[in-house]
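K.L.:
Give the three-dimensional model of this entry:
(2 chains)
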Amino acid sequence: MTDHPPNPRSRFIPELTDEDVYDALGRLPGYLDITTDDFRDLYRLAYDHALGRLMGGLKAGDLMRRGLEPVRPHWALRRAMEQMSARQLKGAAVTDAQGFVVGVLSETDILRWLGAKTFLELITQPTDRLVGWDAQLREASVQQVMTTPAVTVRQDADYEAMLSAFRGHNGRRMPVVDKNGRLVGVLARKDFLAACPFGPR
Amino acid sequence: MLVISRGSPPRVSISEVWWSWLGAFLGIGAVALVSQWFLVGTDLVLMIGSLGASAVLVYGAPRSPLAQPRNLIGGHMLSALIGVLCFQLLHPVPGLAEAVAVASAIALMHLTRTLHPPGGATALIAVIGSAEIHELGYLYVLVPTGLGAAILLLVGVLVNNLSATRRYPEYWL
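P.N.:
The predicted structure is shown next:
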């Protein structure tokens, strides 16, 4: 193991094994006067620098969508669903009166409230269950159904923070908050992926 | 198994060993021939030990930055200059002259981006060399040092590029 790692900024740099290094050195004919450790250090620093160049400008605040109205925890679930479906949204942030994010409400949460994991599972249930849904939706409040606490990202979150947050849960969107924790927008996974500069565009 | 350790580069292929051998044979051989044909009867010598060290780099590690023409020629000639200067100024104290010569040669090669390890030997030879070497004075910079390095370079450019897997130099300056 190296005892003087060059301390890269990124935690996502894959470690090169001896096999990786020797394979690369072996593909270049002739003697290269570089140790495996120097090779590894150079790789990590260069990779880190490239990542900074490609990802340096990527901030959650620039990628998020603004103006998506949150729902409130005390609302009837039905009301929240009507607001979401009117805007063709599959999820919404849940905020309190001061704008602090207290949870997220998604289609998956509502399906779970109705006893199904997926939409297909829901619509293949016996038809007599249909009658119960309407009552279940009217009785419930948002805070009974929402996922809490919400996974959020800060407005100034960089590439790695966004990646960690998306990896940490299954949601397709996350509330974006200011430094005090107040909602400022919603970050969609597809917007984040589209902004990542890797692979074919 | 994931192994992460410190190690030296892998052993080169047999064909690389062969090309290194051939290059060094022809390079040092050329220096010897030029020395015999043109310098016999003069007080000049051409074969100095540091050329053997240069051969290791030019023919054994032609990709190395240390082996490129800028370093080969620049490192030798600047170090020779330092060596002669140190001998002339400090020869009453031989040990000091030797130490200052090698240390200053390294410093100057660093500053001029011409680091070439055999340059240290070239500087040292200027101080500890034979009476003939000492009598050369600053001519030592040109012959044997500059000429010897130039012959190794010429042979390097010719021989190293015969191999499909070699390219020399990587850059000139």
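
K.L.:
how close does the closest residue to A:Asp156 other than its chain neighbours sit to chain B?
P.N.:
With sequence-adjacent residues excluded and distances taken as Cβ to Cβ, 6 or more residues apart in numbering or on different chains, A:Asp156 is closest to A:Lys59, at 5.9 Å. All C-beta spots, glycine's among them, are computed from the backbone N, C-alpha and C. A:Lys59 sits 34 Å away from chain B, going by Cβ to the nearest Cβ, to the nearest Å.

K.L.:
Quick one: residues contacting A:Lys59.
P.N.:
Counting by Cβ atoms under 8 Å, 6 or more residues apart in numbering or on different chains, A:Lys59 touches A:155-158.

K.L.:
For chain B, which residues are neighbours of chain A?
P.N.:
By Cβ under 8 Å from any Cβ of the partner chain, the residues of chain B that approach chain A are B:2-10, B:12-13, B:16, B:60-64, B:66, B:165-166.

K.L.:
For chain A, give me its nearest residue in chain B.
P.N.:
Chain A sits closest to B:Thr165 of chain B, with a gap of 3.6 Å, by Cβ to the nearest Cβ.

K.L.:
Alongside chain B, which residues does chain A contribute?
P.N.:
Within chain A, the positions near chain B by Cβ under 8 Å from any Cβ are A:1-2, A:15-19, A:22, A:25-26, A:28-37, A:40.

K.L.:
rewinding a little: secondary structure added to the contacts of A:Lys59, as JSON lines?
P.N.:
What follows is those, written out as JSON lines (DSSP: H, G, I helix; E, B strand; the rest coil):
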{"residue": "A:Gln155", "secondary structure": "coil"}
{"residue": "A:Asp156", "secondary structure": "coil"}
{"residue": "A:Ala157", "secondary structure": "coil"}
{"residue": "A:Asp158", "secondary structure": "coil"}
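
K.L.:
which residue ranges form the helices in chain A?
P.N.:
In chain A, helices defined by DSSP state H lie at A:18-27, A:36-55, A:60-63, A:77-86, A:107-113, A:119-123, A:129-139, A:142-145, A:159-167, A:189-195, listed in chain order.

K.L.:
rank those helices by mean pLDDT and give me the bottom one.
P.N.:
If the helices of chain A are sorted by mean pLDDT, helix A:129-139 sits at the bottom with a mean of 78.

K.L.:
ok so, going back, filter the residues of chain A next to chain B down to the buried ones, PyMOL style.
P.N.:
Here is the PyMOL command that selects the buried residues among the residues of chain A next to chain B (16 or more other Cβ atoms under 10 Å in any protein chain shown):
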select buried, chain A and resi 16+17+18+22+25+29+30+31+32+34+36+37+40
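
K.L.:
per-residue confidence at the residue nearest in space to the middle of chain B?
P.N.:
Nearest to the geometric centre of chain B sits B:Ser54, at 3.6 Å (Cα atoms, centre = their mean). pLDDT, B:Ser54: 98.

K.L.:
B:Leu78: neighbour count?
P.N.:
By other Cβ atoms under 10 Å in any protein chain shown, 23 other residues sit near B:Leu78.

K.L.:
What distance do you get for the nearest residue to A:Met55 once chain neighbours are set aside to chain B?
P.N.:
Counting by Cβ to Cβ, 6+ apart, A:Met55 lies nearest to A:Tyr159, which is 3.9 Å off, once chain neighbours are set aside. Separation of A:Tyr159 from chain B (Cβ to the nearest Cβ): 26 Å.
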